[in-house]
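[1] Please find the sequence and the predicted model below.
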Amino acid sequence: MSASDAIIGWPANAYVGQKVVCVEAWALGNEGYGDEIGPVEGQTYTIRDIYILPIRNILCFRLVEIVNPHHIYSDLVGESGFYVRRFRPAQTKSTDAAVAALKRLCQPEVVNV
């Protein structure tokens, strides 16, 4: 997925400080230096930086809860981040309350005669 594809929809509205949930775990595999850590599926994180990976042209996040060492990579010099496709916005309590209120409004009212 290119950055131009990635910024359609939610990622275009992502912002620093936003809570996100990891939906695809990150594994180092055969890349990197071996000392990097990544997000865990199902965990909630906070966006601290949003950038486009220069050579691959992919939108990425850096997270408050994960700070990796700076290294020289083939497509980046600095701290690695994570592709936006690995995350979705976290549902907030206010969103949960709004959904519950809408459900209550949609329920038919029972009238006793």
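    Great, that's in hand.
[2] Which residues does the spatially most central residue of the chain form beta bridges with?
    By CA atoms, centre = their mean, the chain has its centre lying nearest to residue 87, at 3.1 Å. Beta-bridge partners for residue 87, by DSSP bridges, are residue 22.
[3] low-confidence ranges in this protein?
    Along the chain, segments meeting pLDDT under 70 span 1-9, 28-31, 93-101, 109-111, 113.
[4] And for the longest strand seen in it, what's in contact with it?
    Criterion DSSP state E: the longest strand present in the chain is strand 44-53. Applying CB atoms under 8 Å, 6 or more residues apart in numbering, the contact partners of strand 44-53 are 3, 14-22, 39, 58-66, 75-76, 81, 87, 90. The C-beta positions use only the backbone N, C-alpha and C, and glycine is treated the same way.
[5] Return the set of buried residues in that strand.
    For strand 44-53, the neighbour count (16 or more other CB atoms under 10 Å) marks 45, 47-48, 50, 53 as buried.
[6] can you check stretch 23-37 too?
    Neighbour-count burial for stretch 23-37 [16+ other CB under 10 Å]: 26, 36.
[7] Run the chain-centre distance for that stretch.
    16 Å (CA atoms, centre = their mean, to the nearest Å).
[8] Could I have the CA atoms of it written out in CSV?
    The C-alpha trace of stretch 23-37 is given here as CSV (Å, rounded to 0.1, in the frame of the first residue of the first chain):
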residue,chain,number,x,y,z
VAL,A,23,-4.8,-5.1,14.7
GLU,A,24,-1.7,-6.7,13.1
ALA,A,25,1.3,-7.7,15.3
TRP,A,26,4.7,-6.6,14.2
ALA,A,27,7.6,-9.1,13.9
LEU,A,28,11.2,-8.2,13.3
GLY,A,29,11.8,-11.3,11.1
ASN,A,30,15.1,-11.1,9.2
GLU,A,31,15.1,-7.3,9.1
GLY,A,32,16.5,-4.7,11.5
TYR,A,33,19.2,-4.9,14.1
GLY,A,34,17.5,-7.3,16.6
ASP,A,35,17.0,-4.7,19.4
GLU,A,36,13.8,-3.2,18.0
ILE,A,37,10.4,-3.9,19.6
